[in-house]
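>>> everything below, folded, please.
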Amino acid sequence: QVQLIESGGGLVQAGGSLRLSCSASGRTFSRYTMGWFRQAPGKEREFVAAISGAFTRYADSVKGRFTMSRDNAKNTVYLQMNNLKPEDTAVYYCAAALGGWAVQEKARYDYWGQGTQVTASS
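Residues are numbered from 1 along each chain as shown. Purely as a prediction, here's the structure:
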């Protein structure tokens, strides 16, 4: 069992930056593919970024603005979000997958955090 706790969300003006963190329990953190997803009101949860080892994958909508990284010694993944836009406003979720390689499909993820709200105002 893995528990995930997100932090770092908040309210920023468009063009601003935030860094999300996701802390995980468990001793085998480095074996997991980790992902970030987001869900805006009235929309489905969508893929944002994923990391397996040192390999990262991003949704087209965030490429060049968001950077995902991990620190296995701290059992933590990060999502640095720069140049935020109003359309980035959503609840952001951290997720962990036992299999796959930087997978985008949310059904492939086994564990989910509770989410953290990110709001970029225009």
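>>> please count neighbours and contacts with C-alpha atoms only from this point.
Noted.
>>> residue contacts, residue 5?
22, 23, 24, 94, 113, 114, 115 (CA atoms under 8 Å, 6 or more residues apart in numbering).
>>> the strands in the chain, which residues?
Assigned by DSSP state E, the chain shows strands spanning 4-7, 10-13, 18-24, 33-39, 46-52, 55-58, 66-71, 76-81, 90-97, 111-112, 116-121.
>>> and those strands: which comes nearest residue 103?
Evaluated with CA to CA, the strands of the chain place strand 46-52 nearest to residue 103, the distance being 6.6 Å.
>>> save the strands of the chain as JSON lines, and put in distance to residue 104 and mean pLDDT too.
Shown next, in JSON lines, are the strands of the chain (distance: least, CA to CA, whole Å; pLDDT from 0 to 100):
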{"stretch": "strand 4-7", "distance to residue 104": "18", "mean pLDDT": "97"}
{"stretch": "strand 10-13", "distance to residue 104": "25", "mean pLDDT": "98"}
{"stretch": "strand 18-24", "distance to residue 104": "18", "mean pLDDT": "97"}
{"stretch": "strand 33-39", "distance to residue 104": "8", "mean pLDDT": "97"}
{"stretch": "strand 46-52", "distance to residue 104": "6", "mean pLDDT": "97"}
{"stretch": "strand 55-58", "distance to residue 104": "8", "mean pLDDT": "96"}
{"stretch": "strand 66-71", "distance to residue 104": "14", "mean pLDDT": "97"}
{"stretch": "strand 76-81", "distance to residue 104": "16", "mean pLDDT": "98"}
{"stretch": "strand 90-97", "distance to residue 104": "10", "mean pLDDT": "97"}
{"stretch": "strand 111-112", "distance to residue 104": "14", "mean pLDDT": "96"}
{"stretch": "strand 116-121", "distance to residue 104": "20", "mean pLDDT": "98"}
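>>> indicate which one of those strands is closest to residue 105.
Closest among those, once you apply CA to CA, is strand 46-52, at 7.2 Å.
>>> on that earlier part again, need the strands of the chain in TSV (columns: distance to residue 105).
Listed next are the strands of the chain as TSV, based on distance: least, CA to CA, whole Å:
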stretch	distance to residue 105
strand 4-7	18
strand 10-13	26
strand 18-24	19
strand 33-39	10
strand 46-52	7
strand 55-58	12
strand 66-71	17
strand 76-81	18
strand 90-97	10
strand 111-112	13
strand 116-121	20
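>>> this completes my enquiry, with thanks.
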